[in-house]
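1. predicted model and sequence below, questions to follow.
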Amino acid sequence: MLPSKICFETNEKPFRSKSVSILLTMTKLGIPKELNDRRVGMVPAVATKLLKSGVSISIENNAGVEAGFDDASYPEEVTAESRANILSNSDIIITVHPIPKSEWGSINPKAILISLFQPYADQAISGELKEKGFTAFSLDMIPRTTIAQSMDVLSSMAAIAGYKAVLKAAELLPRYFPMMITAAGSVKPSKVLVLGAGVAGLQAIATAKRLGAMVEAFDVRKAAKEEVQSLGAKFIEIEGAKDDVGAGGYAVAQSEDFIKRQQAEVQSRASKSDVIITTAQVRGRKAPTLLPADTVRKMKPGSVIIDLASSTGGNCELSKDGELVLVNGVQILGNSNLAADMPQDASLLFSNNVNNFVQLMIKEGELNIDFTNEILKSSCITNEAEG
Ligand code: NAD
């Protein structure tokens, strides 16, 4: 049973105001540098907002440099410290990617860890964190409800990924996206097929439309049809998709028969498409295969596939996570971390989401976690107070 409310001891730290020094009990937030990512967990503008809740903030030296934020750009109350200090002295540690297990021994054992732990993909993680006595909140477990929208890191990052997917495709494609009528001749617009019209897919549709492509899309959720059409794209109808409104907005796994019919429909469209962007995911499962190898072989040479689901098995049978592969002249980019390619705005949006989330657990500068709060309850994957 989770306790309904727990309070944690916090560090004492002198608060430097311009004229006097007052000793206050403050919750210390630590932001380590991401190890293999250019994003940072807290940007200067959001640190300024967060400081107003009475917390103190420390960043690891140069934590934000690769996102465009050097240490001097943070408010003067934010201290830049060594990684060892941040890990061992913080009450709350915020990262985009979880701190590697090899460093867990250096973390304050009472720290609260906030990160994208992805417990659906890494089912051992909660148990391992619990064994170490940490309290951990996984941002990907925040419910997709209206009230939690301002904390929805998955949506912020997926929207960037959808946008970037189209830009990557446009760069790789040996053709224009828009129709062009020039003195040297006319060029037809490119055809873009988007598979999976959730947050990333809808942003991909909007971006491809802005670039002037002809766009069609498919999703198994019925609600997606109207959203696709409202962006001016064509929705592909395939009868018989399973759609469960009780799945928290997420898609559910489809029957083998449906997947076969879907693959056949996709194949007939893929051969005419210049770009295919795939974003289809089913929470806690391998991504559905929507583009089998024989479909890719029927595509025109020069076409581009961007597979945003590559880290969970891929929607394209031939994609390799983190790689660009060439099959019969078709370029296939597997990348589920495209938000990291736009580190400045990705860090800004991530920080805003985290600020809104952290506000739920801070009262007058002190940690005050109410586990009856639906958002905190859903995202807490291990709680030291549980024993
Ligand atoms: P996701 O990343 O889990 O999946 C991407 C898309 O793939 C989804 O739209 C899904 O329906 C689709 N998909 C799965 N299997 C498919 C298949 N076989 N063929 C075609 N498409 C398939 O989804 P997401 O973008 O994270 O969004 C999940 C849900 O949460 C959506 O319903 C979205 O509207 C909702 N949402 C709600 C809020 C909110 O209310 N605060 C915020 C964000 C997202």
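-> Okay, I see it. Values in this document were obtained by computation on a predicted structure and should not be read as measured data.

2. give me the pLDDT value at the nearest residue in space to S156 that is not next to it in sequence.
-> In space, and not counting its chain neighbours, S156 is closest to L349: 3.9 Å by CB to CB, 6 or more residues apart in numbering. Glycine gets a C-beta too; all of them are placed from N, C-alpha and C. L349 is assigned 98 on the pLDDT scale.

3. what's the answer for K300, then?
-> 96.

4. can you pull the contacts of it?
-> Contact analysis of K300 by CB atoms under 8 Å, 6 or more residues apart in numbering lists 271, 274, 329-330.

5. if we go to 6 Å?
-> Shown in contact with K300 (CB atoms under 6 Å, 6 or more residues apart in numbering): no residues.

6. do I have it right that R297 meets G329?
-> No. The criterion here is CB atoms under 6 Å, and R297 misses it with G329 at 10.1 Å.

7. residue numbers of the stretch 151-300 of the chain in contact with the ligand?
-> Contacts of the stretch 151-300 of the chain with the ligand, taken as CB under 6 Å from any ligand atom, map to 152, 154-155, 158, 195-201, 218-221, 224, 249-251, 254, 279-283, 288, 290.

8. could I have the buried ones of the residues you listed as PyMOL selection syntax?
-> To isolate the buried members of these in PyMOL, using 16 or more other CB atoms under 10 Å:
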select buried, resi 152+154+155+158+195+196+197+198+199+200+201+218+219+220+221+224+251+254+279+280+281+282+288+290
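
9. which of the residues of the stretch 151-300 of the chain next to the ligand fall in helices?
-> Members of these lying in helices (criterion: DSSP state H): 154-155, 158, 199-201, 224.

10. if you drop the residues flanking it in sequence, what lies closest to whatever residue of the chain ends up closest to the ligand?
-> Closest to the ligand within the chain is G198: 2.2 Å, counting by CB to the nearest ligand atom. Leaving aside its sequence neighbours, G198 sits nearest to T279 (CB to CB, 6+ apart; 6.3 Å).

11. distance of the one you found relative to C380?
-> 28 Å (CB to CB, to the nearest Å).

12. what do you get for Q203?
-> Q203 is 29 Å from C380, by CB to CB.

13. of these two, who's got more company?
-> Here Q203 and C380 are compared on neighbour count by other CB atoms under 10 Å; more neighbours surround Q203, at 24 against 20.

14. ok, that one - contacts?
-> So Q203 contacts 159, 162-163 (CB under 6 Å, 6+ apart).

15. relative to N356, which of those residues is nearest.
-> The shortest approach to N356 among these belongs to A159, at 16.4 Å (CB to CB).

16. could you list the low-pLDDT ranges of the stretch 201-350 of the chain?
-> When residues are selected by pLDDT under 70, none of them lie in the stretch 201-350 of the chain.

17. now do 90
-> Low-confidence segments of the stretch 201-350 of the chain (pLDDT under 90): 221-223, 237-267, 281-285.

18. ranges for the strands of it?
-> Residue ranges of the strands in the stretch 201-350 of the chain, as given by DSSP state E, counting those that start in this stretch, are 214-218, 234-235, 275-278, 304-307, 324-327, 330-334.

19. turn the ones you listed into JSON lines, including distance to L116.
-> Below are these laid out as JSON lines (distance: least, CB to CB, whole Å):
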{"stretch": "strand 214-218", "distance to L116": "26"}
{"stretch": "strand 234-235", "distance to L116": "31"}
{"stretch": "strand 275-278", "distance to L116": "21"}
{"stretch": "strand 304-307", "distance to L116": "20"}
{"stretch": "strand 324-327", "distance to L116": "25"}
{"stretch": "strand 330-334", "distance to L116": "19"}
